[in-house]
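>>> A structural model of the following input is requested.
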Amino acid sequence: MSPPSTIGDIPLKQLANHANSYAAAHGLQVEKRIQIDDSSSNSSSGEKKEASTYQCAPISLLPNAFPATEFERAKSLASNFNELVDRISRDGDFLQSTLGGPGGVTDADPYTRKLLQLYNEIYCGKGVNGEEWGKFAREADCLGVQRSDYMLNSKKDEQDKIYYELKQVELNTIASSFAGLSVNVAGLHRHLTQRFKNEVADFIETNERAVMGQDYVRSDGEDKGVPINPALTCIPQAMNVAYDQYQSRFEKSNSDRVILFVVQEGETNTVDQRFLEFNLWERHNIPVVRMSLTAAHTRLELDESTGTLYIKSNDGNEDKRQEVSVVYFRAGYSPADYPDGDDGIEWLSREKIERSRATKCPCLGYHLAGTKKVQQELARPGTLERFFGEGREADVESLRGAFAGLYSLGSDATPGDIDALRDALSGGEGRYVLKPQREGGGYNFYGDNLVKKVRENVMEDPSTKELKLGSELAEFILMERLFPPQQKSILLRAGLIEGIGETISELGCFGTIVSTNDGNVLHNEYAGFLLRTKFSGVDEGGVASGFATLSSPSLC
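Predicted structure coming up:
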C-alpha cells in the first residue's frame, strides 16, 4: 500500500514545503559541511575547500499525541531531579562506592574511571597533589542544565484495559541538547495545526485515539494542543543567575566576563547552541566565547593564586584577557572528545577548567550523577532516602514511581539482578535493554545483540546453573524495556519526506539549578521540553546520531 499523497485536502508535499519554509525562516536547521570549488586558488587543478550550509533539522511534520496529565507529571519532577543531582554531586562516598571499587564500573570503563579519578583528586583532595590542588573548584558554585527523558510504558488494568505510566529512560546531566531547536519545532507545529486546522484534524485525532483509547473525544482548551516551550527563556535565565552570582561573589562589575561554551570540533548542531548564545546576549547582555577542548589547552590560562580562568588574548596582552565566569559544556561527554587518551591535552583542558573558580555546567559531580550506574543505584530501595530526609517522603515516592526496572551487572549484583539477567537470556531478551555509561545515542544493545553481548561475558556453572558475570559487564546496566503507544507520523530528514508510518516518542523535560559551593540552592525550576519521535522498530533514539527526529507533544 503506497503512502497517502494528501492530508485532508492538502497535498503532502505542499505541507512539507510549507514546513521547510517555516524552518528556514525561524532557524529550525542544522549545519551541513560541503566541499566547494576554491575560487581563491590560482590553480586550475579543481581544488576544493570546506564550507557550511544549512538544512531543515530532522523533524516530525506534525506533533505527536501525549497525555496532558503525564506531561504535567514530567514537568513536576524536574525540580526534584535537579535537587537530587546537586546532592549526589556533593556525596563523594556515594559516587565512589557506586562507580568505583573492585568489580565496579571504573574497572571496566576507562572513561568513567578518569572522570571519577579527577573528581576524587579535585573535590575530595585524595590525589597526590593534596587538598590545595582543588580548593578553588570546591569553592565554586554549580550550574545544572539537565534533561530527564521519559517514555509512556503500556500496562493493563484488572479489566485488561491498556493504560500508560510515565517512566524515566535516563537523566542527562551534560550537554543536554536541542533546547533551542525544540522551541521552534513547537512553534512550527502550533503554526501548522492552526493554519491548516481543518486539513490535519483527522490525522491529529486518529493519533489521539491511538494513545488515549478509541472512545476518546477531543476537546479544545488551554491545556490541549501544542504547549509553549519556555526553554530559550529558562535556560539562558539560569545561566544569567550563575553569571550574576559569580559577579557578586568576586565583586566584578565590568563587562569583561564571558560565558565559555565548550563545543566539539566539526559540530553540526550549531544553530541549537547559537540560540542559547544569542538569547544570552539579547536578554542579558552576556557575551559567549566558543572553544573546543583541544583549543582550550593553549587558549585558556588558570591563575593558580586566585583560581581565575582566563581566555588569553591573541596578542598575549594580559590586559586584554577575558575572565570566564561560567563554563557550559556541549562537549566532553564521550571518550571520542578526548582523542589523545588519559594524558592528552583534552583531559588537561578539562582538568584546568574544573580546578578553576568558574561555575561549571556541569561540574564533575553533576556529570557523574548522570551515569547509568548511578541511575540504577538510585532505584534500589532506600537509596533516594539518603538524599531526601524527613518530610520529603512524597518527593521520594514521586521520583521512585518514575523509575523503570534497573539491574546491576557488576560485583554488587543482587539475586534479583541475576534473575532479571537470566530472564533476558532465556527468551525474555525483548523485555530488556543493555546500556553502557555513555551519552549521545547508538551504544545500547537490544534483542539478539543483547544476548550475544551478555553471553560473551557470562559463564554458567553446569552443575549449579549459577551465573558468573565477567568483569566487562560492570560498565553496563540492564534496564526494563519500555513499550510506548504507537501512532502515525510523517518524518522529514534534510527537508525531504523520509517516510510515513507507525512511530513511538520520548519526552524530555529540561531542568535548571544554580547552587552555591555550600549547597544553598539559588535557582531551581522546570525549563522546557523536547519530544523525539522515531519509527517503531528503530531501537536507538538520538537525533544527532541519526535515529530520531524532533517533534513536540500535542496534549490530549
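
>>> scan the protein for its longest strand.
Residue-count comparison of every strand in the chain, with assignments taken from DSSP state E, identifies strand 496-515 as the longest.

>>> now do the contacts for residue 279.
For residue 279, the contacting residues are 232, 233, 236, taking C-beta atoms under 8 Å, 6 or more residues apart in numbering as the criterion. From N, CA and C alone the C-beta is placed, and that goes for glycine too.

>>> assess the claim that residue 409 and residue 418 are in contact.
No - in this structure, residue 409 is not within contact of residue 418 by C-beta atoms under 8 Å, at 9.1 Å.

>>> between those two, which has more neighbouring residues?
Remark: of residue 409 and residue 418, residue 409 carries more neighbours, 27 against 17, as counted by other C-beta atoms under 10 Å.

>>> and the nearest residue in space to the more buried one that is not next to it in sequence, how far from residue 161?
Spatially, and ignoring its direct neighbours in sequence, residue 409 is nearest to residue 473 (4.1 Å; C-beta to C-beta, 6 or more residues apart in numbering). For residue 473, the distance to residue 161 (C-beta to C-beta, to the nearest Å) stands at 38 Å.

>>> if you count surrounding residues, which of these two has more?
Neighbour count, other C-beta under 10 Å: between residue 473 and residue 161, residue 473 has more, with 23 against 9.

>>> now residue 154. Nearest residue, chain neighbours left out?
Leaving aside its sequence neighbours, residue 154 is closest to residue 483 (4.9 Å, by C-beta to C-beta, 6+ apart).

>>> was I right about that neighbour contacting residue 155?
No - Residue 483 is not in contact with residue 155 according to C-beta under 8 Å; the separation is 9.2 Å.

>>> so for the two, which residue has more residues nearby?
residue 483 (15 against 11).

>>> so the more buried one sits in a strand?
No - if the criterion is DSSP: H, G, I helix; E, B strand; the rest coil, then residue 483 is coil and not within a strand.

>>> that one and residue 528, how far apart?
Residue 483 sits 26 Å away from residue 528, going by C-beta to C-beta.

>>> same question for residue 315.
Noted for residue 315: a distance of 41 Å to residue 528, by C-beta to C-beta.

>>> so which of the two has more stuff around it?
Neighbours around residue 315 and residue 528, counted as other C-beta under 10 Å, are more numerous at residue 528. The numbers are 28 against 6.

>>> contacts only, for the more buried one.
179, 182, 183, 229, 230, 231, 232, 234, 235, 509, 510.

>>> skipping adjacent residues, who's closest to the first one in space?
Right, residue 179. If the residues on either side of it in the chain are set aside, residue 179 comes closest to residue 231, at 4.0 Å by C-beta to C-beta, 6+ apart.

>>> likewise for the fifth one?
Using C-beta to C-beta, 6+ apart and skipping residues adjacent in sequence, the residue nearest residue 230 is residue 528, 5.1 Å away.

>>> and the one you found, helix, strand or coil?
Using three-state DSSP, the secondary structure recorded for residue 528 is strand.

>>> just the pLDDT for it.
As summarised for this prediction, residue 528 has a pLDDT of 99.

>>> need the helices for the stretch 1-150 of the chain, in chain order.
12-26, 68-89, 92-99, 105-108, 110-123, 135-139 (DSSP state H, counting those that start in this stretch).

>>> as JSON lines, these with mean pLDDT and distance to residue 496 would be great.
Compiled in JSON lines, the helices of the stretch 1-150 of the chain are given as follows (pLDDT from 0 to 100; distance: least, C-beta to C-beta, whole Å):
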{"stretch": "helix 12-26", "mean pLDDT": "97", "distance to residue 496": "8"}
{"stretch": "helix 68-89", "mean pLDDT": "98", "distance to residue 496": "30"}
{"stretch": "helix 92-99", "mean pLDDT": "97", "distance to residue 496": "43"}
{"stretch": "helix 105-108", "mean pLDDT": "93", "distance to residue 496": "41"}
{"stretch": "helix 110-123", "mean pLDDT": "97", "distance to residue 496": "36"}
{"stretch": "helix 135-139", "mean pLDDT": "97", "distance to residue 496": "47"}
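
>>> which stretch among the ones you listed comes nearest residue 434?
Each of these was checked against residue 434 via C-beta to C-beta, and the shortest separation belongs to helix 105-108, namely 13.2 Å.

>>> just the helices in the stretch 401-550 of the chain please.
According to DSSP H, counting those that start in this stretch, the stretch 401-550 of the chain carries its helices in the segments 415-425, 447-455.

>>> who touches the last one?
Counting contacts by C-beta under 8 Å, 6+ apart, the residues outside helix 447-455 that touch it are 421, 424, 425, 429, 430, 432, 433, 434, 445, 473, 539.

>>> thought the first one was touching residue 479?
Looking back up the chat, that one is residue 421. No - proximity of residue 421 to residue 479 does not meet the contact threshold set by C-beta under 8 Å, at 11.7 Å.

>>> overlap in contacts of these two?
Residues touching both residue 421 and residue 479 (C-beta under 8 Å, 6+ apart): residue 407.

>>> thinking again about what came up before, comparing the helices of the stretch 1-150 of the chain, which comes out most buried?
Mean neighbour counts were compared across those using mean count of other C-beta atoms under 10 Å; the top stretch is helix 105-108, at a mean of 22.

>>> which of the contacts of helix 447-455 lies closest to residue 499?
The shortest separation between residue 499 and any of the contacts of helix 447-455 is 16.7 Å, and it belongs to residue 539 (by C-beta to C-beta).

>>> sorry, back to before: who are the packing partners of the longest strand of the chain?
Packed against strand 496-515, as judged by 3 or more C-beta pairs under 8 Å, 6 or more residues apart in numbering; DSSP states H and E, are the following elements: helix 12-26, strand 64-66, helix 68-89, strand 142-156, helix 231-249, strand 487-493, strand 521-535.

>>> strands paired with it, and their directions?
Taking DSSP bridges as the criterion, strand 496-515 pairs within the sheet with strand 142-156 (antiparallel), strand 487-493 (antiparallel), strand 521-535 (antiparallel).

>>> and it, how far out from the chain's middle?
Here the centre of strand 496-515 is set off from its chain's centre by 11 Å, with C-alpha atoms, centre = their mean, to the nearest Å.

>>> and the angle for it with helix 231-249?
Strand 496-515 and helix 231-249 are oriented at 30 degrees to each other (axes from the mean of the first three to the mean of the last three C-alpha atoms, to 10 degrees).

>>> turn the contacts of helix 447-455 into JSON lines, including pLDDT and distance to residue 296.
As requested, these are exported to JSON lines (pLDDT from 0 to 100; distance: C-beta to C-beta, whole Å):
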{"residue": "421", "pLDDT": "95", "distance to residue 296": "41"}
{"residue": "424", "pLDDT": "94", "distance to residue 296": "42"}
{"residue": "425", "pLDDT": "92", "distance to residue 296": "45"}
{"residue": "429", "pLDDT": "82", "distance to residue 296": "43"}
{"residue": "430", "pLDDT": "91", "distance to residue 296": "44"}
{"residue": "432", "pLDDT": "95", "distance to residue 296": "39"}
{"residue": "433", "pLDDT": "95", "distance to residue 296": "35"}
{"residue": "434", "pLDDT": "95", "distance to residue 296": "34"}
{"residue": "445", "pLDDT": "93", "distance to residue 296": "34"}
{"residue": "473", "pLDDT": "92", "distance to residue 296": "35"}
{"residue": "539", "pLDDT": "64", "distance to residue 296": "35"}
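
>>> using neighbour counts, trim those residues to the buried set.
With neighbours counted by 16 or more other C-beta atoms under 10 Å, those contain buried members at 421, 424, 425, 429, 432, 433, 434, 445, 473.

>>> quick check: the farthest pair among those residues?
The distance between the two most remote of the buried ones among the contacts of helix 447-455 (C-beta to C-beta) is 15.1 Å, for 429 and 473.

>>> can you list the low-confidence ranges for this protein?
Across the chain, the ranges flagged by pLDDT under 70 are 1-3, 39-46, 221-222, 253-255, 440-442, 539-546.

>>> many thanks, have a good one.
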